[in-house]
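*Asks:* sequence plus predicted model, see below.
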Amino acid sequence: MNVLILTRLELYEKIWSTPMVVLAKEFNLSDNGLRKICKKHNIPTPLMGHWQKIQYGKKTTVIKLPNKNKEEQIKINIDQSKSSSYQQDPKIDLISESIKNNKRLVLKVSDRLSKPDIIVVNTQNYLKEIKPDTYSRIKGTVQTGRGMPSIIVTPKNISRSLRILDNLIKNFRALNYKVVLKEEGLTIIAYEDDEMKISIREICNSVQVETDFRWKTRELIPNGKLALKAGRFGAYEFVDSNKSLIEDQIAKILIKIESDFLAMHEMRARRKIEEIKRKELEKIELEKQLEKENELNKFKQFYNDAHRWKNFNVLKEYFDFINTQPEKSLQTEQWLDWASKKLDWYNPLSNAKEEFLDNVDKDTLSFKKKIWYLP
């Protein structure tokens, strides 16, 4: 049984960077078991719907870690015998077989650096020039800078860390991963820009010490064992155990990474399919809505024409009454000529054009656009 040792802050960062169900599987726990651990150590967990909101680009609320500076060791017992329940997928078996039979891979870390990768050479040169830190909360360690592989170890573990790192980088290249350095550290990229971070640290024990001011505080003391973090958000750690060192777990590390990359790729593919389906449904709904709007507009026109026809007949009746008068003045004759044209314009069956009324809505008898008069 492996024991994963984390601080409250480290577990908090994992909880808020990886869905609980996924992280629980990484630890061979139930998600309820992981929640109990978080509750015991006063670590807030994402609310329901948090990851769905992130998936669709919506804003989410991140609950801050209370007592952030409180140093506390959290031990998670990873029962390897239970891992088989998560390894039933035939794809995992195929990946495992592919990794173990790949002649280009070196699954054993050598005792000395041989033709190290340029990234390892530059990292080695950097670590040679710095002294152990006596001021940080992890005293006695050396740490790489930004834009370099993330390594935090005591001087005696520098050689081991570099040999492990060199082995992994060469294997990553053999698996056709892109190996790049970013501000936050070493990053490997596969498929369609799916990324994972790789880092190495020395595990620390939290001990209580007395200060010069007669109060007690907690310090992190490196214990000589290494831990290698791998994952999209540093979600999983491979650690030295009494039975095997990280150097003996290279195949296991590569299988895990390749499996996670495949899962990311399949998830991306599923999301693309879901996005295509979503857009198709939106298109169908939009077309339906346009049909409905067109149908409504046609009915409105029918409705308006009917009311205009009724109003037109009232006007026509009045026009005919004036026109049948026996004696008509010149002014009346002029009016009848004018009114006849307006009736032709207003009639929904003829809709004749009328120069001075071309900007008028016949249903409301108001101008469609405001007319600006010159002073």
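*Replies:* That came in fine, so what should we check first? No experiment lies behind these values; they were computed from the predicted model shown.
*Asks:* C-terminal to the longest helix anywhere in the chain, what's the next element?
*Replies:* Looking across the chain with DSSP state H, the single longest helix is helix 250-323. The helix or strand immediately downstream of helix 250-323 is helix 330-346, counting by DSSP states H and E.
*Asks:* which residues are in contact with that following helix?
*Replies:* For helix 330-346, the surrounding residues in contact (Cβ atoms under 8 Å, 6 or more residues apart in numbering) are 308, 311-312, 315-316, 319, 322-323, 325, 328, 350-354, 357, 362. Any C-beta I mention is one placed from the backbone N, CA and C, and that applies to glycine too.
*Asks:* just the buried residues of the residues you listed.
*Replies:* The neighbour-count criterion (16 or more other Cβ atoms under 10 Å) marks 308, 312, 319, 362 among the contacts of helix 330-346 as buried.
*Asks:* the first one contacts residue 362, doesn't it?
*Replies:* Yes: the pair formed by residue 308 and residue 362 meets the contact definition of Cβ atoms under 8 Å, at 6.2 Å.
*Asks:* overlap of the contact sets of the two?
*Replies:* 346, 348.
*Asks:* could you pull out the strands in this protein for me?
*Replies:* 2-7, 73-78, 142-143, 150-153, 178-182, 185-190, 194-210, 216-231, 236-239, 360-361, 366-367 (DSSP state E).
*Asks:* gap between stretch 296-310 and the chain center?
*Replies:* 51 Å (Cα atoms, centre = their mean, to the nearest Å).
*Asks:* whoops, stretch 170-185 was the one
*Replies:* 22 Å.
*Asks:* quick one: end-to-end distance for it.
*Replies:* Start-to-end span of stretch 170-185 (Cα to Cα, to the nearest Å) is 17 Å.
*Asks:* identify the residues contacting it?
*Replies:* 102, 104-107, 117, 119, 144, 146-150, 169, 186-190, 197-199, 250, 254, 258, 261.
*Asks:* in the protein, where is pLDDT below threshold?
*Replies:* Scanning the chain for pLDDT under 70 picks out the ranges 1-2, 55-57, 79-89, 134-137, 209, 211-214, 216-217, 233-235, 370-375.
*Asks:* which of the contacts of stretch 170-185 are buried?
*Replies:* Buried among those by 16+ other Cβ under 10 Å: 105, 107, 117, 119, 144, 148-150, 169, 186-188, 190, 197-199, 250, 254, 258, 261.
*Asks:* picking up where we left off before, distance to residue 338 added to the buried ones among the contacts of helix 330-346, as CSV?
*Replies:* Shown next, in CSV, are the buried ones among the contacts of helix 330-346 (distance: Cβ to Cβ, whole Å):
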residue, distance to residue 338
308, 19
312, 16
319, 11
362, 17
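*Asks:* and which of those is nearest residue 70?
*Replies:* Using Cβ to Cβ, residue 362 is the member of the buried ones among the contacts of helix 330-346 that lies nearest residue 70, at 77.3 Å.
*Asks:* show me what contacts the closest one?
*Replies:* 304, 308, 345-346, 348.
*Asks:* filter those residues to the buried ones?
*Replies:* Among the contacts of residue 362, those classed as buried by 16+ other Cβ under 10 Å are 308, 345-346, 348.
*Asks:* would CSV of these with distance to residue 230 be doable?
*Replies:* Listed next are these as CSV, based on distance: Cβ to Cβ, whole Å:
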residue, distance to residue 230
308, 75
345, 80
346, 80
348, 76
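*Asks:* okay, now the closest residue to residue 27 other than its chain neighbours: neighbour count?
*Replies:* Counting by Cβ to Cβ, 6 or more residues apart in numbering, residue 76 is the residue found nearest to residue 27 once chain neighbours are left out, at 5.4 Å. Around residue 76 there are 18 other residues, counting by other Cβ atoms under 10 Å.
*Asks:* and residue 76, bridged to which residues?
*Replies:* Counting by DSSP bridges, residue 76 is bridged to residue 4.
*Asks:* so it touches residue 10, yeah?
*Replies:* No: using Cβ under 8 Å, residue 76 is not in contact with residue 10; the gap is 10.9 Å.
*Asks:* residue contacts, residue 64?
*Replies:* residue 44.
*Asks:* and it, what are its phi and psi?
*Replies:* Reported as degrees, to the nearest 10, the phi and psi values for residue 64 are phi -70, psi 150.
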